[in-house]
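Enquirer: The sequence isn't on hand, but the structure is:
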């Protein structure tokens, strides 16, 4: 279970996050809504360990992980722009995390190929990522995130770079795959329709505070 | 982020930056700042302070009281100023033609504009001699003698600097907003008026900043002035070298070097102020290029290409032609033990200096990511003349003169800013998300650097290393000051051959210059080899070189 306890953060002199408390259970998808600049991505960066909060703590399964480096948390973060590595092939992008987990390169590649087959992308394994369409790139990003069996999944506006039709079809696919993986998932979005389609519970970040939506 | 969390993150960043900056900071301090301080001390006291130096103390105002030295300083300023005027008068129309007309081979011409930046100064000087020297191709044909006139030096200066002004002009004209020009035209402005009222104000700061660099490079130049200036038109840098190497007048040389430092420092400051005023270019709709239409436009294009060929390509071709005319026997005869040793020295010194420069440059760029001051420090070796650096080192470490580590360290300090500036620009353009993605996928900061940052910045690193290699290959001033006779490089050997009387020696110099040119050409190919740099979305990225990235070898 992922827990945020009394998280506060400033942006310049402005209080961006004020005493945020949030819990996400295993297998649960929680949507975090809010307008641009409300601090949604900052909160996600704090959970991922990319930023240190001004005060408060991040807990996972009863352990305080606030001071853990991002690579030690084993949380997967998916970005709005996918953040695929342009110098690597599709296969090596997916294998990146496994290699960091000290799995041998050949084993990591074999497992990544299986994963790509599961996502219907095996034919693109040797391609560079820029050969893929937006939807395919997004699938590769999810495959790369899920293959390391992360303890939690953090999604930062994952569909905002895609066109409307693709967004709708990928939502359903992603929801199924994420629920099958069974980890706590925090979805940051400014699209309420997307939040309703993906998440059983939603909260809104407004003026630095969280308010429950459904 | 503010408060204690921000402070703790910033403290940790600061610690990392301090560690990264340690080696480049030590190099700058020991090999640049301390020698300059020693030089300043010597200049202020006017005392030699060096074993074996000629006795006597010298006033700080000596260069202005002595007629001979005053001429040297004034001529140094004048030749730099005249070059600026010529480079501007020729460079602006050339840049306009290249920026506004579409024609076959335009990209190749723009790429070739980089060629002079990798040509060693001594090779360029020989190129000018091959055209206009005593047995020059053009001087012989036209029956004129330009020896002991200022034209040789001015031509050499233009060879290097015209391309820089043209390149800066083309880049600046690419930033002019087509909509503003169209609005001016629709409001009744003729093309001529639209240029001066819309385009000129937009490009003037860029051109002025590049002209500052032209002035700086000409004023502090050494190799060209040594070979092309002769007795009468040599510059202060040559005078300092003569005073130190031939007359042992260390006190007098120190005072001159101090003035050089002050004057170049002032121009460098002006350049820095101009650069600061240049805002980052916003996204504009560039003016569309059109094929030339009508006789006048075709003539303008041909005249522009002809001028570029005459000033920037002809000297290089003349060396090859003169080397060809030297005959097979000269080519075979020139590869004696001395030349083989010089070639070996050039290659090994350059390789060792390049390795050190790469290390220093990468560390400097990583440390400079959050520090404007540290970023500006990378420009320091660009604005101090190699002669001043070498002389300062000679004064500060008299026991270390003719020591290989000092020579290589000096090479590296002069070359590493190319790597640092290229890498810093690459790091700026690297999306933070890629590095964050690597971290959340389990990579430590070190692993992220090796697996993501470095592979993505390989083109920037290669470009910086190629410029650094060209600098090391063509290094001349520091080698003359700090080297031993048995450590002669190709540049010093060419200079020695030039000092020998007779046509045979000159022919040998042309052959050696061709060889050095070939090495420099390899560096050029590395710089301008088209490599598809791609951004996250796979779009090809062509980072334009800034004029501040450039300094001729």
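Expert: Looks like it arrived, so ask away. In this text the structure is predicted, and so the values were computed from the model without any measurement. Numbers count the residues shown, from 1 in each chain, chains lettered A, B, ... in the order given.

Enquirer: which outside residues touch the lengthiest helix in chain A?
Expert: The single longest helix within chain A, with elements called by DSSP state H, is helix A:164-181. The contact list for helix A:164-181 (C-beta atoms under 8 Å, 6 or more residues apart in numbering or on different chains) reads A:27, A:29, A:134-135, A:138-139, A:142, A:146, A:149, A:153, A:158-159, A:162, A:185, A:194, A:197-198. Just so you know, the C-beta spots here come from the backbone N, C-alpha and C atoms, and that holds for glycine as well.

Enquirer: quick one: residue B:236 from residue B:75, how far?
Expert: According to C-beta to C-beta, to the nearest Å, residue B:236 stands 8 Å off from residue B:75.

Enquirer: ditto for residue A:185
Expert: 74 Å.

Enquirer: And chain A, what are its domain boundaries?
Expert: For chain A, the structural domains run A:1-74+A:150-214, A:85-149, going by automatic domain parsing.

Enquirer: Mean pLDDT added to these, as JSON lines?
Expert: Below are these laid out as JSON lines (pLDDT from 0 to 100):
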{"stretch": "domain A:1-74+A:150-214", "mean pLDDT": "88"}
{"stretch": "domain A:85-149", "mean pLDDT": "89"}
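
Enquirer: Dump these into TSV; add mean neighbour count and distance to residue B:488 as well.
Expert: Formatted as TSV, the domains of chain A follow (neighbours: other C-beta atoms under 10 Å in any protein chain shown; distance: least, C-beta to C-beta, whole Å):
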stretch	mean neighbour count	distance to residue B:488
domain A:1-74+A:150-214	18	52
domain A:85-149	19	42
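
Enquirer: Mind putting those into JSON lines with distance to residue B:128?
Expert: Below are these laid out as JSON lines (distance: least, C-beta to C-beta, whole Å):
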{"stretch": "domain A:1-74+A:150-214", "distance to residue B:128": "56"}
{"stretch": "domain A:85-149", "distance to residue B:128": "44"}
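
Enquirer: Compare the ones you listed and give me the one nearest residue B:415.
Expert: Between residue B:415 and these, the tightest spacing by C-beta to C-beta is seen for domain A:85-149, at 26.5 Å.

Enquirer: Chain A: strands as residue ranges?
Expert: Applying DSSP state E to chain A gives strands spanning A:2-11, A:14-24, A:29-33, A:55-60, A:63-64, A:75-78, A:152-156, A:185-188, A:201-206, A:209-212.

Enquirer: Identify all contacting residues around the last one.
Expert: Contacts with strand A:209-212, where a contact means C-beta under 8 Å, 6+ apart, come from A:18-22, A:201-204.

Enquirer: Next secondary structure element downstream of the longest helix along chain B?
Expert: Ranked by residue count and defined by DSSP H, the top helix of chain B is helix B:67-100. Toward the C-terminus, helix B:67-100 is succeeded by helix B:106-112 as the next helix or strand (DSSP states H and E).

Enquirer: returning to what we had before: looking only at neighbour counts, state which of residue B:236 and residue B:75 leads.
Expert: More crowded of residue B:236 and residue B:75, by other C-beta atoms under 10 Å in any protein chain shown: residue B:236, with 27 against 19.

Enquirer: Against chain A, how distant is that one?
Expert: Between residue B:236 and chain A the distance is 48 Å, computed by C-beta to the nearest C-beta, to the nearest Å.

Enquirer: repeat for residue B:104
Expert: 29 Å.

Enquirer: Then residue B:346?
Expert: 34 Å.

Enquirer: show me the contacts for that residue.
Expert: B:473, B:489-491, B:516, B:519.

Enquirer: Likewise for residue B:436?
Expert: Residue B:436 makes contact with A:45, A:48, A:50, A:70, A:77, A:79, A:83, according to C-beta under 8 Å, 6+ apart.

Enquirer: Restricted to helices, list those.
Expert: Among the contacts of residue B:436, the subset assigned to helices under DSSP H consists of A:45, A:48, A:70.

Enquirer: Now for the second one: which residues touch it?
Expert: The one in question is residue A:48. Counted by C-beta under 8 Å, 6+ apart, residue A:48 has contacts A:70, A:73, A:75, A:77, A:154, B:436, B:440.

Enquirer: Can you tell me the closest non-neighbouring residue to it?
Expert: residue A:77 (4.7 Å; C-beta to C-beta, 6 or more residues apart in numbering or on different chains).

Enquirer: isn't the one you found right next to residue A:158, touching?
Expert: No. With contact defined as C-beta atoms under 8 Å, residue A:77 does not reach residue A:158; the gap is 10.2 Å.

Enquirer: wait, residue A:30 sits on residue A:187?
Expert: Yes. Between residue A:30 and residue A:187 there is a contact under C-beta under 8 Å: 6.9 Å.

Enquirer: so what sits against both of those two?
Expert: Taking C-beta under 8 Å, 6+ apart as the criterion, residue A:30 and residue A:187 both touch residue A:199.

Enquirer: Just list what the helix or strand residue B:447 falls within packs against, helices and strands only.
Expert: Element membership for residue B:447 (DSSP H and E) is helix B:445-448. On a contact count with 3 or more C-beta pairs under 8 Å, 6 or more residues apart in numbering or on different chains; DSSP states H and E, helix B:445-448 meets helix B:432-440.

Enquirer: so how far is the helix it packs on from its chain's centroid?
Expert: 36 Å (C-alpha atoms, centre = their mean, to the nearest Å).

Enquirer: List the buried residues of it.
Expert: Neighbour-count burial for helix B:432-440, with 16 or more other C-beta atoms under 10 Å in any protein chain shown as criterion, is recorded at B:433-440.

Enquirer: Now render these as JSON lines, adding pLDDT.
Expert: Below are the buried residues of helix B:432-440 laid out as JSON lines (pLDDT from 0 to 100):
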{"residue": "B:433", "pLDDT": "88"}
{"residue": "B:434", "pLDDT": "91"}
{"residue": "B:435", "pLDDT": "91"}
{"residue": "B:436", "pLDDT": "92"}
{"residue": "B:437", "pLDDT": "92"}
{"residue": "B:438", "pLDDT": "93"}
{"residue": "B:439", "pLDDT": "93"}
{"residue": "B:440", "pLDDT": "91"}
